[in-house]
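[1] Show me how the following folds:
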Amino acid sequence: MISTGGFQTASVIEQAISGSSCDAVSIARSLVANNDLVKIFERGLDRPEKPCTYCNKCLVNVLQNPLGCYEESRFESRQQMIDRIMSVFDPPPFA
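    Numbers count the residues shown, from 1 in each chain. Next comes the predicted model:
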């Protein structure tokens with residue numbers, strides 16, 4: 001069974017799976033907000049510094065704009081938000 005519903009904390013994900021609540025979790029908006037979420041967990045952090053706020057602005061914008069987080073309060077500036085959204089079109093090289 002796959003569970004959905006706002007997973008963005010490593011310990012909560014681990015507890016859900018190891019506690020037999022589900023076999024896996026799916027992550028969508030949290031990855032839109034933090035497209036490096038897996039790397040954040042890999043570094044040993046339990047949660048991103050600026051987690052998804054569940055504002056749904058990503059869904060409102062997706063019909064006319066690239067998929068991304070449009071919650072400006074998560075960014076230092078509007079330009080930083082745009083740069084982050086557009087980064088998926090020009091990703092850094094694999095290490």
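[2] can you map out the strands along this protein?
    2-3, 24-25 (DSSP state E).
[3] For the last one, which helices and strands make contact with it?
    What it means is strand 24-25. strand 2-3, helix 10-18 (3 or more C-beta pairs under 8 Å, 6 or more residues apart in numbering; DSSP states H and E). C-beta coordinates here come from the backbone N, C-alpha and C atoms, glycine included.
[4] Likewise for the first one?
    Judged by 3+ C-beta pairs under 8 Å, 6+ apart, the packing partners of strand 2-3 are strand 24-25.
[5] pLDDT (mean, whole number) over the strand it packs on?
    The average pLDDT within strand 24-25 is 94.
[6] For the strands of the chain, could you give me JSON lines that also reports mean neighbour count and distance to residue 18?
    As requested, those are exported to JSON lines (neighbours: other C-beta atoms under 10 Å; distance: least, C-beta to C-beta, whole Å):
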{"stretch": "strand 2-3", "mean neighbour count": "11", "distance to residue 18": "13"}
{"stretch": "strand 24-25", "mean neighbour count": "14", "distance to residue 18": "12"}
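[7] nearest to residue 45, of these?
    strand 24-25 (17.3 Å; C-beta to C-beta).
[8] got a list of contacts for the closest one?
    1-4, 7, 13, 16-17 (C-beta atoms under 8 Å, 6 or more residues apart in numbering).
[9] Of these, grab the buried ones for ChimeraX.
    ChimeraX command restricting the contacts of strand 24-25 to the buried ones, with burial defined by 16 or more other C-beta atoms under 10 Å:
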select :7,13,16
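[10] which one of the contacts of strand 24-25 is nearest residue 35?
    Nearest member of these to residue 35, counting by C-beta to C-beta, is residue 7, at 15.0 Å.
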